[in-house]
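Participant: Build me a model from this:
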Amino acid sequence: MTRFPGQRSGFTLLEMIMTIVIMGIFLSVGGKMTAGAYNSYIANMYLTPLPSKAKAGMELMVRELRSATATSVSQPTGGGSLQFTNDQGTTVLINQNGTPVTTVFRNSVALLENVQQSSLQFTWDNTRNFATIRFTLQVVMSGLGGTVTVPFRTGVYVRN
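Facilitator: Reported below is the predicted structural model:
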């Protein structure tokens with residue numbers, strides 16, 4: 001800014017406009033970075049409890065299967081359900097109901113929610129008394145407009 005004798009000090013209109021334009025550019029870049037960080041936080045908030053929920057449901061199914069007698073294990077409706085008698089003589093049915101996202105039940109009591117439809121699978125090997133359990137959790141992340149699927153799998157040896 002050039003100052004002549006007798007002029008007041010201040011900013012020209014051009015300087016003010018340039019300052020506003022530069023600040024606008026910085027604020028838009030900063031806003032996009034902040035929005036990305038916020039979206040990551042929201043996604044993490046939805047995904048963090050998934051492994052612990054799935055692990056708890058899986059451990060309940062595994063514990064039940066380990067207490068089953070090998071001769072009592074059957075699949076009444078194909079690969080999506082498993083029925084057996086545990087060591088206390090109780091018949092246990094683990095199955096999946098609902099569309100498109102379902103719940104896994106143990107004798108009508110919910111074990112896992114948000115399980116992808118038709119993803120609960122059991123395979124039973126009579127020769128080894130070995131059961132494999134597979135399922136996929138599906139989480140709808142509201143606010144981010146997407147769904148995330150997380151697969152889980154384990155194997156269990158059933159006692160003789």
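
Participant: mind listing the helices in the protein by residue range?
Facilitator: 13-47, 50-66 (DSSP state H).

Participant: pull the helix or strand with minimum mean pLDDT from the chain.
Facilitator: strand 130-141 (a mean of 72; mean pLDDT, DSSP states H and E).

Participant: Most tightly packed of the helices of the chain?
Facilitator: helix 50-66 (a mean of 16; mean count of other CB atoms under 10 Å). Every C-beta, even on glycine, is put in place using the N, C-alpha and C of the backbone.

Participant: Does anything pack onto that one? Which helices or strands?
Facilitator: Secondary-structure packing of helix 50-66 (3 or more CB pairs under 8 Å, 6 or more residues apart in numbering; DSSP states H and E): strand 82-85, strand 91-97, strand 101-106, strand 109-116, strand 130-141, strand 146-157.

Participant: Of all those strands, which one is nearest V29?
Facilitator: Among those, the nearest to V29 by CB to CB is strand 146-157 (24.7 Å).

Participant: same for the closest one, what does it pack against?
Facilitator: Counting by 3+ CB pairs under 8 Å, 6+ apart, strand 146-157 packs on helix 13-47, helix 50-66, strand 130-141.

Participant: Can you flag the weakest of those by average pLDDT?
Facilitator: For those, mean pLDDT drops lowest on strand 130-141, to a mean of 72.

Participant: about what we covered before: which one, of the helices of the chain, ends up nearest to F105?
Facilitator: Among the helices of the chain, helix 50-66 sits nearest to F105 (CB to CB), with 10.7 Å.
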